[in-house]
Each structure stands twice: as structure tokens, then as C-alpha cells.
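> When you get a sec, could you give me coordinates for this:
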Amino acid sequence: MSSDQLPLSRRHFLAASATLAAAGLTGCVTAQAINVPPAGFTPVFNGRDLAGFRGGDTYDHRKLMSLSESDRAAQVAKWTKTLTEVDPKTGKPNWHVENGELVNGGNGAYATTEKEYGDFELLVDYKTVPLADSGIYLRGVPQVQIWDFTEKAKFNLGADKGSGGLWNNSPGAPGKDPLVLADKPFGEWNSFRIVMVGSRVSVWLNGKQVVKHALMENYYDRKQPIPARGPIQLQTHGGEIRWKNVFIREIGSAEANRILASHGNDGFQSVWNGKDFTGWSGAVADHEIVDGTIRCKAGRGGHLYTAAEYADFSARLEIQIPSGCNNGLAIRYPGHGDPAYAGMCELQVLAADYETVHKAKLDPRQVHGSAYGMAAAHQGYLRPAGEWNFQEVTVQGSKIRVELNGSVILDTDLSKVSQYMANSPHPGKDLKQGHLGFAGHNDPVAFRNIQIRKL
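Next up, the predicted model:
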């Protein structure tokens, strides 16, 4: 019997939920009383009114934030006004509270949190009616799908597979369709548990996992990852839907890293023993071991690299970057020369505040996660300086993919690069094999939990 099927009492189940959540395991959490949050959670809906909500729509949150302050305020006010407008069919506001339930008849803008969230665990109970269609937007992006799983007219869209899928993912992409049909009959309440770390989303509906650690695509621009922060939105889409027990728990970086490390880890093997430099070559004297981490000594900058060489591989590691600091991952490094040019590439390791600290202007191909001088990574996904970042790098042939803290920030084919920063070609970019290493650069950047899987 799996953990989410155990016949726990509600009190014992709540106690167990924290352990399940921390480990990224299956399960759901329900409140002991209506709109009373479990330990560690805070209410998104207070059970009385719309406090904490504004109006919203299917609108790119990044676009909204790029507006001038006055234009943004005007747009939000326009949406928010519709929340309390009276529906002529019911004589009630579009969004109103009945007996501790947040009710929408199918009209008005979406109930959107004023607060923005990064990584989180979200609990939501909902009840809907036949032919209704709704969903939950995560960081302002559609959506965890809610619909009528009996509506034959939408079977071609996947309605028969049930609710909970990331419906706006591309056809065939993981997460688009729920793994199992878990909806309850109409008239009964359904319960979601949604865990989002980076762009990675796991969903449980009524205690059954329907999405497992899938990358949620950015509906507004599929070449961009989901924004690192954004609001939660409860969608209205033409039919009555009721919500209660809407709670959220923000996930810190240490727990987020554990969740990311717990998925897809088959075949990874540690390449560092955590104690000494056995299995490593190069500038050993320029590095030190501090509290189970490899750290470049301040003011020292040699290249440290694995004794073994790799062709196609995935590497996982955690990276801690102090304010203003610089390093790099040497990919297919031949053991001599500058990794940025002699190797296939240097994947930049750079503090988000580097430009500010050093009063320097960077080329986009120099920011963290970029294939140095060749391909720019998406910005805005590093954790604050001093926190540990979880990064996974996959190298296959001439292609490199970088996933930082659960979001894909680089996915490129170096064989197609024709323009180089400062017009400086990279003679090593076509190497088929080499070492994995750290570029140094004199700053106390630290690495730990270094693992590699040969492909």
C-alpha cells in the first residue's frame, strides 16, 4: 500500500504530510476544518471575503510588470472591478463568499493573489458543475486544468482523461495529460496538492498523483521558462466553481534542492567523495575542502577537473556563489588551456549581482549558465547570493542543456553557433570528449554533491 493510501486519521495524516512534502513523495493534505490551514501553511482565501486578491486574466505577468506603474495600476483596477460586479443572472457579485466558500458563477476576471510566489506547495479544494471549465494558474501561467471529464464534446481535447494536467503544455509533453483519472462525481469536493519548484510541477488530485515533476511550459513564450515568481490565479471560465481550503506553503532553497535531487536520479554516480581530491586533477592546491564542499581559494584561480573523461553525460551539482563572484564549469576540457576556448565550452558560473558589484556591463553570453561567448542563458533564476543552487547539465553531441533550480535556462546546439562574443571563435567547441571541471577565476565559489551519469 502506497503512502497516499494509508488509512490515517486526519490528525495523523496532517502530521505525516510534512514528511511527505519534504521528500517530494505522493500524498495530499486536507484541512481539519474549513479554511483552517494545516501546520506550516497560510491561507490564500480567508473564508470571509476577497482580501488578498486582485483581478487578473490570461495575460503574461512579465508583460504586466514591464508596464509603467500607472498603466499597470489601471489594468489591474480594470480587472479587479469585475470581481464584484453583479451577475444579472444570479443577482450576486461575480465573486462572492457563501458559507466559507469562494464562489464564481462563470463571469468576471480571475481571482489573482496580490502576493507573488516562487517555489511553493499549494492546497486547493474545489467543486464544479457539468460543462464547466476552469483551472489554476501557477505564477500567472496557465494552467492546472479543471473540467467536466464526462463532456464528450471535449474528449478530443482530453477531457475524458480528467483534471489536474498541465493542459497548455505541448501535445505529447510530460504533464499535459493526467497520469490517471482522479475526478470525483459532480456534487463532491475535489482536493488538489500542487508542488512547484522552478518550472517543475507535481500534482495530486484526491490523493492520486496525476502529474509527476513535469516541466510546465510558458504559455506566453515557450522559448522562455516560467517566471521565477508570480501570482496564483483561480480561473473562471463559463460555469460555476466553488473554492475552499486554499492554502500555500513557500518552499525554501534547501527543500527545493532536495525535491529536485529526488527525481530522475537513476544512473547518477558521485564523482567526489566529499573528503579529499581523489579522482581529481589540475589545480588542487588552489582549492580547499570546507564543510563537505569544494571551494576555490580566494585570490587563486587554477582549473580543477575530473581525472576521468566523458563524452555524452549529465552532471548534477549544487553551486554556492557569493555576491559578485565568478567561476565556470569546464565542459569536455582537454586538461590544458583556458576552458572557455580549449574545452567544448565554459558554462558560466556568475553571481546575479556581478554587474552591480563590479560596475561592469556584461554581454548576455556571459551571464550564469551561458555557454561563454557563444550562447546566452535566460536570466533571473539564480537564488540569492550565498544560497545553494541546484544545477543539471546535459551534454549530447554538440547540444548542451542547463536546468537551474528546476528551470531550463539554456538549450542550445553549439554546432550552429556562428557569431561569437568579441568575434573570438572557440576552437574547442567541437570536442567529442573531455573532463568536467571548475574554471577557478580567483573567487570563493563552492560546489558540492557532484554527480555524473554517462549517456
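
> Tell me where the stretch 251-400 of the chain has helices.
Applying DSSP state H, counting those that start in this stretch to the stretch 251-400 of the chain gives helices spanning 253-261, 339-342, 354-358.

> which of those is buried the deepest?
Of all these, helix 339-342 carries the top mean neighbour count, a mean of 22, counting by mean count of other Cβ atoms under 10 Å. For glycine as for every other residue, the C-beta is placed from the backbone atoms N, C-alpha and C.

> And that helix, what does it pack against?
With contacts taken as 3 or more Cβ pairs under 8 Å, 6 or more residues apart in numbering; DSSP states H and E, helix 339-342 sits against strand 326-333, strand 345-350.

> Save those as JSON lines, and put in distance to residue 238 and mean neighbour count too.
Output for these, formatted as JSON lines (distance: least, Cβ to Cβ, whole Å; neighbours: other Cβ atoms under 10 Å):
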{"stretch": "strand 326-333", "distance to residue 238": "49", "mean neighbour count": "26"}
{"stretch": "strand 345-350", "distance to residue 238": "47", "mean neighbour count": "27"}
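
> Indicate which one of those is closest to residue 169.
Among the helices and strands packed on helix 339-342, the nearest to residue 169 by Cβ to Cβ is strand 345-350 (26.8 Å).

> Where does residue 437 sit, in terms of helix or strand?
strand 435-438 (DSSP states H and E).

> Kindly report the same for residue 242.
Under the criterion of DSSP H and E, residue 242 resides in strand 241-250.

> Give the partner strands of that strand in its sheet and their orientations.
Paired neighbours of strand 241-250 in the sheet (DSSP bridges): strand 42-43 (antiparallel), strand 101-104 (antiparallel), strand 120-128 (antiparallel).

> now these in JSON lines, with mean pLDDT, distance to residue 92 and mean neighbour count?
Below are the strands paired with strand 241-250 laid out as JSON lines (pLDDT from 0 to 100; distance: least, Cβ to Cβ, whole Å; neighbours: other Cβ atoms under 10 Å):
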{"stretch": "strand 42-43", "mean pLDDT": "98", "distance to residue 92": "23", "mean neighbour count": "14"}
{"stretch": "strand 101-104", "mean pLDDT": "97", "distance to residue 92": "8", "mean neighbour count": "22"}
{"stretch": "strand 120-128", "mean pLDDT": "97", "distance to residue 92": "17", "mean neighbour count": "21"}
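
> Format these as CSV; extra columns: distance to residue 382.
Shown next, in CSV, are those (distance: least, Cβ to Cβ, whole Å):
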stretch, distance to residue 382
strand 42-43, 26
strand 101-104, 36
strand 120-128, 18
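
> So which of those strands is nearest residue 186?
If we rank the strands paired with strand 241-250 by Cβ to Cβ, the stretch that ends up nearest is strand 120-128, at 7.4 Å.

> Grab the CA positions of the closest one and hand them over as PDB.
Extracted as PDB, the C-alpha positions of strand 120-128 are listed here (Å, rounded to 0.1, in the frame of the first residue of the first chain):
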ATOM      1  CA  PHE A 120       5.600  26.500  -3.100                       C
ATOM      2  CA  GLU A 121       3.200  23.800  -2.100                       C
ATOM      3  CA  LEU A 122      -0.400  24.700  -2.800                       C
ATOM      4  CA  LEU A 123      -3.600  23.100  -1.400                       C
ATOM      5  CA  VAL A 124      -6.900  23.700  -3.000                       C
ATOM      6  CA  ASP A 125     -10.400  22.200  -2.700                       C
ATOM      7  CA  TYR A 126     -12.900  22.900  -5.400                       C
ATOM      8  CA  LYS A 127     -16.300  21.800  -6.600                       C
ATOM      9  CA  THR A 128     -17.800  22.500 -10.000                       C
END
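
> Name the next helix or strand downstream of that strand, please.
strand 133-138.

> how big is the angle separating that next one from strand 120-128?
170 degrees (axes from the mean of the first three to the mean of the last three Cα atoms, to 10 degrees).

> what's in contact with the helix or strand just after strand 133-138?
Per DSSP H and E, the first helix or strand lying C-terminal to strand 133-138 is strand 141-147. With Cβ atoms under 8 Å, 6 or more residues apart in numbering as the test, strand 141-147 has contacts from 58, 61, 126, 128, 132-138, 154, 159, 163-168, 192, 194, 201, 203, 211, 216, 218-220, 226-227, 230, 235, 241.

> tell me which strands and helices the strand holding residue 437 is in contact with?
In terms of contacts (3+ Cβ pairs under 8 Å, 6+ apart), strand 435-438 is packed against strand 304-306, strand 326-333.

> what's the offset of it from the middle of its chain?
26 Å (Cα atoms, centre = their mean, to the nearest Å).

> which strands and helices sit next to the helix or strand that that strand is followed by?
Sequence order places strand 446-454 as the next helix or strand after strand 435-438, per DSSP H and E. If contacts are counted by 3+ Cβ pairs under 8 Å, 6+ apart, strand 446-454 sits against strand 269-270, strand 293-296, strand 313-320.

> Any chance of TSV for those strands, columns distance to residue 452 and mean pLDDT?
Putting the helices and strands packed on strand 446-454 into TSV (distance: least, Cβ to Cβ, whole Å; pLDDT from 0 to 100) gives the following:
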stretch	distance to residue 452	mean pLDDT
strand 269-270	6	96
strand 293-296	14	96
strand 313-320	5	98
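
> out of the ones you listed, which comes closest to residue 101?
strand 313-320 (42.9 Å).

> Which neighbours in the sheet does that closest one have, and how are they oriented?
Partners of strand 313-320, by DSSP bridges, with direction: strand 388-396 (antiparallel), strand 446-454 (antiparallel).

> that older thread, generate JSON lines for the helices and strands packed on helix 339-342, with mean pLDDT as supplementary columns.
Conversion of the helices and strands packed on helix 339-342 to JSON lines gives the following (pLDDT from 0 to 100):
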{"stretch": "strand 326-333", "mean pLDDT": "97"}
{"stretch": "strand 345-350", "mean pLDDT": "98"}
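
> With distance to residue 91 added, can I get the ones you listed in TSV?
TSV is the format used below for the helices and strands packed on helix 339-342 (distance: least, Cβ to Cβ, whole Å):
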stretch	distance to residue 91
strand 326-333	62
strand 345-350	58
